[in-house]
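Participant: got a predicted model here, sequence first, then my questions.
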Amino acid sequence: MTTTTTRSRLGRHYTIDVIRDEAKQLVDCGTLDRCQPICALCGYIAAREWPFIEAELEENDYDLRDRIGDLIPHETWSND
């Protein structure tokens, strides 16, 4: 019996927007700080998924030593 494994069964493809959303949620709930390095995200993402995250970050010119704040888009606040 032989089985074939496709890339989609090995892991999901993460877009940079999905990674940013995940990072923003972790910062918003106080789990991570904007000043921490991006590699701190690996503690909150399944180990089998991390290579896909890392590849997407590299494709978008992010280094794992960059700060999470660099990854999250700047927020604007309106005055009420």
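Facilitator: Sure thing, it's come through.
Participant: next, count neighbours for residue 19.
Facilitator: Using other C-beta atoms under 10 Å, the number of residues around residue 19 comes to 22. Every C-beta, even on glycine, is put in place using the N, C-alpha and C of the backbone.
Participant: start at 45 instead
Facilitator: Got it, the first residue is 45 from now on, which makes the last one we talked about residue 63.
Participant: how much space between it and residue 106?
Facilitator: Computed as C-beta to C-beta, to the nearest Å, the residue 63 to residue 106 distance reads 9 Å.
Participant: need the overlap of contacts for those two.
Facilitator: Listed as contacting both residue 63 and residue 106 by C-beta atoms under 8 Å, 6 or more residues apart in numbering are residue 115.
Participant: residues contacting stretch 105-112, please?
Facilitator: For stretch 105-112, the external contacting residues (C-beta under 8 Å, 6+ apart) are 67, 71, 76-85, 98, 101, 114-115.
Participant: one more pass at 6 Å, please.
Facilitator: Applying C-beta atoms under 6 Å, 6 or more residues apart in numbering, the external contacts of stretch 105-112 come out as 67, 76, 78-83.
Participant: start and end of that stretch, how far apart?
Facilitator: Start-to-end span of stretch 105-112 (C-alpha to C-alpha, to the nearest Å) is 13 Å.
Participant: quick check: mean pLDDT across that stretch?
Facilitator: Mean pLDDT, computed over stretch 105-112, is 96.
Participant: now do the buried residues in it.
Facilitator: Buried residues in stretch 105-112, counting neighbours by 16 or more other C-beta atoms under 10 Å, are found at 106, 112.
Participant: now do stretch 82-96
Facilitator: So stretch 82-96, judged by 16+ other C-beta under 10 Å, has buried residues 82, 84-85, 89, 94, 96.
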